[in-house]
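Student: Pasting a predicted model and its sequence here:
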Amino acid sequence: MGIAQTKQEGSRPDREWNRFLDSQGDALLLFARQLTRTDSDAKDLTQQVLIEAWKFSRGKVPDKALVFSMLRRRAIDMGRSKDRRAQREVDYSENREDWFAPNFEKRDDAARLEEALGFLPDTLREVVVLRIWGDLSFPEIAQTTGVTVATATSRFRYGIERLRKSDIINELKT
Amino acid sequence: MNDEEQFIAELKKFRAAPMPGDLRERLSESPQISKGKAHRLWLPVVGTAIAACLALIWALSSDSASPQSEEVALNILGIDSTLVSRETVEFKEIDGVMHEIVMETWRDELFARSSLDPATADSVVLRRERVSKPVKFL
């Protein structure tokens, strides 16, 4: 009974670990996809950072802003941010995984949103992704990206404005 | 709610895609197990560091370590051997024979000039207290 229960429910650290994955994994992978050339790199980076952050926090669910910061630093360390925009444009038509969850009603919108995000400058896109899907506050975004809170805020507003003006996702406004 | 807020609310309706099955599977086990799998990224780095340390330890632990072999080991670690300063010489009896012990201080240089992590560097520094040669007293 005890063993079966353990297998079924997992130990407390395992439960916390899975809670951590559930709460931050998807958004972290989305952010990693903004910073890397390939989906494979994004997955490797996400895995590495999730485990590193978990180890750093000694078995407790790590602070979200810290995890995003670690991922950004590791992406820079990997040196894969260089020319990623050009690479992404090349990769765009190739086999790759969707950035957003499939939603049959808004499937086309999701694809358009993904494309529109891809055309945002890196500095704007990362702030938009961190705010909207990472659910970070502006002070946390500032800390993560190494800019002032005012800069993070203005980049977000400018990024949103660019998305709103984009013909690609114009339909979202209606 | 103004247009911008409404637009942001619309954006938030799109959720980040869930982790692909292969990644989720890699991470679904305990962190300790996943860590082992993730470390394939670190293997080249760790492997190189271990090889460098082993080479240095081999070179320095040998009584017959020549300046050339020492230099080779230092070069592997990316440290300029000219930075090594020999500050003190002590004498110690080992197996009934007096030996000269060379105490070298290059810790600062080691940290400044190499990208070794401190744990590795510590073990290397300790090895720098080495038996240089037997000493014959008249």
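Tutor: Thanks, I have it. Numbers count the residues shown, from 1 in each chain, chains lettered A, B, ... in the order given.

Student: So which helix or strand of chain A has the lowest pLDDT on average?
Tutor: In chain A, the helix or strand scored least confidently by mean pLDDT, DSSP states H and E is helix A:2-9, which has a mean of 42.

Student: right, is the helix or strand just after that one up against chain B?
Tutor: Note on helix A:2-9: by DSSP states H and E, the next helix or strand toward the C-terminus is helix A:12-35. Yes. Contact of helix A:12-35 with chain B (Cβ under 8 Å from any Cβ of the partner chain) involves A:P13, A:D14, A:W17, A:N18, A:L21, A:G25, A:D26, A:A27, A:L29, A:L30. Heads up, the C-betas are built off the backbone N, CA and C, glycines and all.

Student: Can you list the buried residues in helix A:12-35?
Tutor: By 16 or more other Cβ atoms under 10 Å in any protein chain shown, the buried positions in helix A:12-35 come out as A:16-18, A:20-21, A:24-35.

Student: Which secondary structure elements does it sit against?
Tutor: helix A:39-56, helix A:64-78, helix A:122-132, helix B:21-28 (3 or more Cβ pairs under 8 Å, 6 or more residues apart in numbering or on different chains; DSSP states H and E).

Student: In chain B, what residue comes closest to chain A?
Tutor: Going by Cβ to the nearest Cβ, chain A is nearest to B:A16 of chain B, at 3.9 Å.

Student: So that residue versus A:A101, what's the distance?
Tutor: To A:A101, B:A16 is 7 Å away according to Cβ to Cβ, to the nearest Å.

Student: Looking at these two, which is more packed in?
Tutor: B:A16 (21 against 13; other Cβ atoms under 10 Å in any protein chain shown).

Student: what bits of the chain have low per-residue confidence?
Tutor: You didn't say which chain, so I picked chain A. Across chain A, residues meeting the criterion (pLDDT under 70) sit at A:1-13, A:79-96, A:102-108, A:167-174.

Student: Not quite, go with chain B.
Tutor: B:1, B:29-48, B:53, B:55-94, B:97-138.

Student: residues from chain A in reach of chain B?
Tutor: So chain A meets chain B at A:11, A:13-14, A:17-18, A:21, A:25-27, A:29-30, A:43-44, A:46-48, A:50-51, A:54-55, A:97-103, A:106, A:109-110, A:113, A:132-133, A:157, A:160-161, A:163-164, A:172-173 (Cβ under 8 Å from any Cβ).
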